[in-house]
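> this one's structure only:
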């Protein structure tokens, strides 16, 4: 069985770039005794604020007084104990950072494990050999954004800030029409040490193939991470439970880290938005078995539902979501991040605001493309409350450097990771390529204010649709918002921004 623990007790210190050698700051015997205690998940600004080092950046012109923070190099260090002698042959230990914001170098016991440059993608390192018996020291260096973009082409059109198009972090951190420029950095999601037998469960993707009054058919796809043991019988066992009663089950062999099969649920209870019915959730249990022995297991809610986007009816254009065959009048709002510092957000705030949205009659929320792929609590609560989610990818109001190979590789890893993480949620109704990029480019070119190719188009027309066709063909994809009609913000066709 897989085992994990969360790393706590982090300490933080800032330096002028270049004033300390990386290998010195990462050394296990380097003294961090006088560094600041730092909460993880969290960020540098919040830590400095709690220590009284900076004024609250949301008051007056304090955001300008805090600009020096984004110019520093920041180091996190954490000491933890590990019993290496307890490791059995073939076991693997991974150090997993769920969210690093953004340009990070990661060290364990003085050895550099790797670099990371995407706020939205977990960083995973096999540390089986690098761990020592007793005290271990993890260290993370976060470099300033300016050091990365200094030599980049900053002539691409971008609202609010020229450098943000090169940086895969929340775009609103660089300022927006409703947000000050505050560019945080930090470890904004949990850090875990995961120990397993060399292979563990990864993404579990259930999709409702069909529903009827007597039965619903569900395909379950399971991916594993790690090495599949040669010559051994590896399989996944899947069960669907209604309360404590198992209503469907299957067992499928594992091939190249992948297994899939179809299940039928009799007299299905469907997942609806709260205004049309009950958002009923079954429980999906998955076990990874090798020669009959359980190596890993997980469970997650399962909602039986179909969703489609109807664009035409009787020869007339429509833009109608159809849930379980029933046309839905979508009522909702644009969801932006709840805080400039998402690392400090706690679950109760999500719960309160989403319950308010439900009580106000909203049945759909759009996760806006200049912010975050939200935390798990957001999607899990929408599943439970019966609120559909329109999910933007994080590109907004700019041209993006789709001509750059390294940038596109970073984006590809991001899209794949996000799709794998979110596709299990019944509340997720639609993937959308970006916020307003198509519309703004079209307006600026037609008015003569811009003479440039539509940089970023390869992301929304080629890369994202290709990944979705492979990883999530069950949901509609919309290239941008707004989109459709004689102009992309047409009032007669597609969706529209007022």
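Sure thing, it's come through. From a predicted model like this one, the values you see are computed outputs, not experimental measurements.
> Note down every partner strand of the lowest-mean-pLDDT helix or strand in the chain and its orientation.
Least confident helix or strand of the chain, by mean pLDDT, DSSP states H and E, is strand 3-6 with a mean of 92. Strand pairing for strand 3-6, using DSSP bridges, gives strand 191-196 (antiparallel).
> Now do the helix or strand just after the partner strand: which elements does it pack against?
Using DSSP states H and E, the helix or strand that follows strand 191-196 in sequence is strand 199-211. In terms of contacts (3 or more CB pairs under 8 Å, 6 or more residues apart in numbering; DSSP states H and E), strand 199-211 is packed against strand 215-226, strand 282-290, strand 293-302, helix 405-422. All C-beta atoms are positioned from the backbone trio N, CA, C, and that covers glycine.
> And for the very next helix or strand once past the least confident helix or strand of the chain, what's in contact with it?
The helix or strand immediately downstream of strand 3-6 is strand 10-15, counting by DSSP H and E. For strand 10-15, contacts defined as CB atoms under 8 Å, 6 or more residues apart in numbering pick out 25, 32, 35-40, 44, 47, 69, 72-78, 187.
> Could you pull out the buried residues of the very next helix or strand once past strand 10-15?
Next in sequence after strand 10-15, counting helices and strands by DSSP H and E, comes helix 22-25. Neighbour counts over helix 22-25 (16 or more other CB atoms under 10 Å) mark residue 25 as buried.
> In this structure, mark out all the helices, start to finish.
22-25, 44-50, 62-65, 145-149, 347-359, 376-385, 405-422, 437-446, 457-458, 464-471 (DSSP state H).
> which helices and strands sit right next to the first one?
Contacting helix 22-25 under the criterion 3+ CB pairs under 8 Å, 6+ apart are the following elements: strand 134-143.
> what angle separates the strand it packs on from strand 10-15?
40 degrees (axes from the mean of the first three to the mean of the last three CA atoms, to 10 degrees).
> From what I see, residue 303 and residue 384 are in contact.
No - with contact defined as CB atoms under 8 Å, residue 303 does not reach residue 384; the gap is 9.6 Å.
> Quick check: neighbours shared by these two?
279, 281.
> neighbour count winner among the two?
residue 303 (22 against 17; other CB atoms under 10 Å).
> So the more buried one versus residue 277, what's the distance?
12 Å (CB to CB, to the nearest Å).
> any residues in contact with both of these two?
Contacts common to residue 303 and residue 277, judged by CB under 8 Å, 6+ apart, are residue 270.
> For residue 433, which non-adjacent residue is spatially closest?
In space, and not counting its chain neighbours, residue 433 is closest to residue 460: 3.5 Å by CB to CB, 6 or more residues apart in numbering.
> Quick check: pLDDT value at that neighbour.
Residue 460 carries a pLDDT value of 98.
> To what extent is it buried, counted in neighbours?
Residue 460 has 24 nearby residues by other CB under 10 Å.
> JSON lines for the helices of the chain, including distance to residue 219?
Shown next, in JSON lines, are the helices of the chain (distance: least, CB to CB, whole Å):
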{"stretch": "helix 22-25", "distance to residue 219": "47"}
{"stretch": "helix 44-50", "distance to residue 219": "43"}
{"stretch": "helix 62-65", "distance to residue 219": "49"}
{"stretch": "helix 145-149", "distance to residue 219": "42"}
{"stretch": "helix 347-359", "distance to residue 219": "29"}
{"stretch": "helix 376-385", "distance to residue 219": "19"}
{"stretch": "helix 405-422", "distance to residue 219": "16"}
{"stretch": "helix 437-446", "distance to residue 219": "33"}
{"stretch": "helix 457-458", "distance to residue 219": "30"}
{"stretch": "helix 464-471", "distance to residue 219": "13"}
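> show me where pLDDT drops low in the chain?
The chain contains residues with pLDDT under 70 at 1.
> I figured residue 383 was touching residue 427, is that so?
Yes - using CB under 8 Å, residue 383 makes contact with residue 427 at a distance of 4.8 Å.
> Settle it for me: which of the two has more neighbours?
Neighbour totals were compared for residue 383 and residue 427, and residue 427 leads with 27 against 22 (other CB under 10 Å).
> Spit out the contact partners of the more buried one.
So residue 427 contacts 279, 303, 379, 382-383, 386-389 (CB under 8 Å, 6+ apart).
> partner residues bridging residue 112?
residue 107.
> OK, contacts around it?
22, 26, 105-106.
> repeat for residue 155
residue 162.
> again, but for residue 107
Taking CB under 8 Å, 6+ apart, one finds 22, 26, 113, 138-141 in contact with residue 107.
> let's see 7 Å
By CB atoms under 7 Å, 6 or more residues apart in numbering, the residues touching residue 107 are 26, 113, 139.
> Would you check how far apart the residue nearest to residue 433 and residue 477 are?
9 Å.
> Residue 154 reaches residue 162, doesn't it?
Yes - applying CB atoms under 7 Å, one finds residue 154 in contact with residue 162, separated by 4.1 Å.
> So for the two, which residue has more residues nearby?
residue 162 (17 against 14).
> count of neighbours near the nearest residue to residue 246 once chain neighbours are set aside?
Excluding its sequence neighbours, the residue lying closest to residue 246 (CB to CB, 6+ apart) is residue 239, at 5.1 Å. Residue 239 has 19 neighbours, counted by other CB under 10 Å.
> and what of residue 387?
Residue 387: 26 neighbours (other CB under 10 Å).
> Name all residues that make contact with it.
273, 354, 357-358, 362-365, 427.
> Name the nearest of these relative to residue 228.
residue 427 (32.4 Å; CB to CB).
> which ones are touching the nearest residue to the closest one once chain neighbours are set aside?
Among residues not flanking residue 427 along the chain, residue 382 sits closest, at 3.8 Å (CB to CB, 6+ apart). Residue 382 makes contact with 354, 389, 427, according to CB under 7 Å, 6+ apart.
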